[in-house]
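Undergrad: Can you look at this prediction? I've put the sequence above it.
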Amino acid sequence: MHPFLPRPLPLLPVGHCSRILLFPAGCVMVMSVITQLTQVHNSTVEASMERLCSYLPGKLLLKTTCYLLVHIFGSDIIKLLDADMNADMVCHALEFCKQDAGQPQCHLYPLPKEIWNLRQKKSRHIVKKSVTMKYLKGDSDICSLPFLAKICKKIKFSIQTSMPFKDVDSDKYSVFPTLRGYHWRGRDCNDSDKNVYPGRRPDNWDAHQDSNCNGIWGIDPKDGIPYEKKFCEGSQPRGIILLGDSAGAHFHIPPEWLIASQMSVNSFSNLPTALTDEFDWPQLSGATGFLDSTSGFEEKSIYLHLRKRNRCNHRDYQNISRNGGSSQNLKKFIESLSRNQQLDHPAIVIYAMIGNDVCNGRADPVPEMTTPEQLYSNVMQTLKHLDSHLPEGSHVVLHGLPNGTFLWENLHDRYHPLGQLNKDVTYAQVFSFLSCLKINPCHGWMSSNKTLRTLTSERAQQLSDTLKKIAASEKFTNFDLFYMDFAFEERTPSSAYPTSSLTNSFKVRYLRGPAAYTLGSGGLIGQVYKFLEGRVRHIFPKFPSCS
């Protein structure tokens, strides 16, 4: 989950700062954008708020909600920004974040303490008798608005279960793209028949219907042989399944959502899709993506590689990934995996929990990191679950963790998208702000503390060694087991920095931690595919006659 956007609903407190509509970081982001729109277009604050709302699509009532929030908060925001309060001060004045006793004053923008104290008193005086402040003292959240209750319920269901919201026949496959639909797993071709879904072995060679949704069915009138039998028999079809975190889910915040000078009516056209896909883009992911990538790289996903080799694999993909996923919480959503040992084809499963076992937002993150002993127990539990669900002849690859020190080394002195206009916000400031709020997605690596970064990398290596040990020593009935190191390869063209949208999108992805950068940029695709093709080539399906 991106730290500058609301968390999954219902909203819950984080650290010592929370409010009813947006977290402090979300408020600062919105106020920054409004301020910069005013600057870019030389307009009033009121006009900038109206402009921002006009950019939002009507779908999911986003535009309506924006105008409602402007109606509620607009008057105070105008007063505060017109009084030269920056985004931090506005959000503190509106009490989206309160400073508890003994806690530091969290702020994104640098400001001398003396000036901060004076302006904070002034800002509180401005909103002292505000109607908005009375509204904020309630216990409602944005989902309490009647016209948003339905969509909030859908999003909440999808996040909690990792299952398709629209699934008439309850076979875990859907004809709907988002809300854990076919962006995440192959599209169902008959949502009224639970025996029809991607990845199953063909029913009677699909002579009369497409039971596995790969588009191959019927009988060749020339010889009476079913097309599925003619083209796919002996080709050893296999699906691709990813067990991952935000990296595998392809979490991404488009930079045009944050950079005022790039905003237009088209900037937020994909926001409804992003909202209902948890701000993830699995349809573009390195493992299961099936749409053309917008990253600028030519590399296709592992699924598309497998599909190209064997057209019989069409639609046989599952992205069982979740923002914040780790070895410790995988058991909460692995049940969403769909595979029948008797009816389905074998699968290639990639276990890629590559960040959150060492990443957390605690002030002292080390005690909360997964230990090698805990990882061994968690992964063995996962592998036993897979052994009881995967068809015989499947394969599982355990993917090691990265050395995330490159996060700080490559980003700390660069400008965050919010700081590009005025050259006033670096990634180091963002990391510090998030750490102060206790919502830094990876305090261990996104920190100025070199000792802490080193300790985090050492723990990551210990966990990778544990995965390697498991792969070398454990045997299972229905799959063979492999391990591959995380070989980081930076793909960002240095000549593109700082204006390239490609570079900016990578840098925004950094805010989810170390994983999203490489997976999103195609790093995992080449690494895993070359590993599979070179070292364990026997797991690849044969070239069928319809390839």
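TA: Nice, I can see it.
Undergrad: in the stretch 101-250 of the chain, which spans are helices?
TA: Listed in chain order, the helices of the stretch 101-250 of the chain (DSSP state H, counting those that start in this stretch) span 113-126, 131-136, 149-161, 227-232, 246-249.
Undergrad: need those in a markdown table with mean pLDDT, can you?
TA: Supplementary listing: the helices of the stretch 101-250 of the chain in a markdown table, determined by pLDDT from 0 to 100:
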| stretch | mean pLDDT |
| --- | --- |
| helix 113-126 | 78 |
| helix 131-136 | 58 |
| helix 149-161 | 92 |
| helix 227-232 | 97 |
| helix 246-249 | 94 |
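Undergrad: now for these, which one comes closest to residue 32?
TA: Nearest of the helices of the stretch 101-250 of the chain to residue 32, taken as CB to CB: helix 113-126 at 16.0 Å. The C-beta positions use only the backbone N, C-alpha and C, and glycine is treated the same way.
Undergrad: chain center to the closest one, what's the gap?
TA: 37 Å (CA atoms, centre = their mean, to the nearest Å).
Undergrad: counting contacts, what elements does it pack onto?
TA: helix 62-82, helix 87-93 (3 or more CB pairs under 8 Å, 6 or more residues apart in numbering; DSSP states H and E).
Undergrad: now that helix and helix 62-82, what's the angle there?
TA: Here helix 113-126 runs at an angle of 120 degrees relative to helix 62-82 (axes from the mean of the first three to the mean of the last three CA atoms, to 10 degrees).
Undergrad: ok, residues contacting helix 113-126?
TA: For helix 113-126, the surrounding residues in contact (CB atoms under 8 Å, 6 or more residues apart in numbering) are 76, 79-80, 83-85, 89-90, 92-93, 105, 107, 111.
Undergrad: Stretch 151-170 now?
TA: Residues outside stretch 151-170 that contact it (CB under 8 Å, 6+ apart): 8-10, 60-61, 142-143, 172-176, 179-181, 184-185, 188, 190-194, 196, 275-276, 278, 320, 322, 333, 336.
Undergrad: Ok, stretch 201-208 next?
TA: Residues from elsewhere that reach stretch 201-208, judged by CB under 8 Å, 6+ apart: 195, 209, 211-212, 216-219, 226-229, 232-233, 343-345.
Undergrad: Dump that stretch to CSV, restricted to CA.
TA: Extracted in CSV, the C-alpha atoms of stretch 201-208 (Å, rounded to 0.1, in the frame of the first residue of the first chain):
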residue,chain,number,x,y,z
ARG,A,201,-7.6,-31.0,-17.7
PRO,A,202,-10.0,-31.0,-20.7
ASP,A,203,-13.3,-32.8,-20.2
ASN,A,204,-13.6,-35.5,-22.9
TRP,A,205,-10.9,-33.5,-24.8
ASP,A,206,-13.3,-30.6,-24.9
ALA,A,207,-15.1,-32.1,-27.9
HIS,A,208,-18.3,-30.2,-27.0
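Undergrad: leaving aside the residues next to it on the chain, what's closest to residue 392?
TA: If the residues on either side of it in the chain are set aside, residue 392 comes closest to residue 478, at 4.8 Å by CB to CB, 6 or more residues apart in numbering.
Undergrad: Please verify my assumption that the one you found contacts residue 395.
TA: No - with the criterion set as CB atoms under 8 Å, residue 478 and residue 395 do not qualify as a contacting pair; they are 9.9 Å apart.
Undergrad: Poorly predicted segments of the stretch 101-250 of the chain, please.
TA: The model of the stretch 101-250 of the chain has pLDDT under 70 over residues 129-141.
Undergrad: Okay, strands next: where are they in it?
TA: 239-244 (DSSP state E, counting those that start in this stretch).
Undergrad: Check the stretch 251-400 of the chain too.
TA: Under DSSP E, counting those that start in this stretch, the stretch 251-400 of the chain gives strands at 317-321, 347-352, 394-399.
Undergrad: any chance of the ones you listed in a markdown table, plus mean pLDDT and distance to residue 286?
TA: Listed next are those as a markdown table, based on pLDDT from 0 to 100; distance: least, CB to CB, whole Å:
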| stretch | mean pLDDT | distance to residue 286 |
| --- | --- | --- |
| strand 317-321 | 99 | 10 |
| strand 347-352 | 97 | 10 |
| strand 394-399 | 96 | 11 |
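Undergrad: between the ones you listed, which gets nearest to residue 38?
TA: Ranking the strands of the stretch 251-400 of the chain by distance to residue 38, with CB to CB as the measure, places strand 317-321 first at 38.5 Å.
Undergrad: okay if I get the strands of the stretch 251-400 of the chain as JSON lines plus mean neighbour count and distance to residue 285?
TA: Rendered in JSON lines, the data for those read as follows (neighbours: other CB atoms under 10 Å; distance: least, CB to CB, whole Å):
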{"stretch": "strand 317-321", "mean neighbour count": "27", "distance to residue 285": "6"}
{"stretch": "strand 347-352", "mean neighbour count": "26", "distance to residue 285": "11"}
{"stretch": "strand 394-399", "mean neighbour count": "24", "distance to residue 285": "14"}
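Undergrad: Make TSV from the ones you listed and add distance to residue 311 to it.
TA: Compiled in TSV, the strands of the stretch 251-400 of the chain are given as follows (distance: least, CB to CB, whole Å):
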stretch	distance to residue 311
strand 317-321	14
strand 347-352	17
strand 394-399	20
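Undergrad: Which of those strands sits closest to residue 54?
TA: Evaluated with CB to CB, the strands of the stretch 251-400 of the chain place strand 317-321 nearest to residue 54, the distance being 34.0 Å.
Undergrad: just checking, what packs against the closest one?
TA: strand 239-244, helix 246-249.
Undergrad: and among the ones you listed, the most buried is which?
TA: helix 246-249 (a mean of 31; mean count of other CB atoms under 10 Å).
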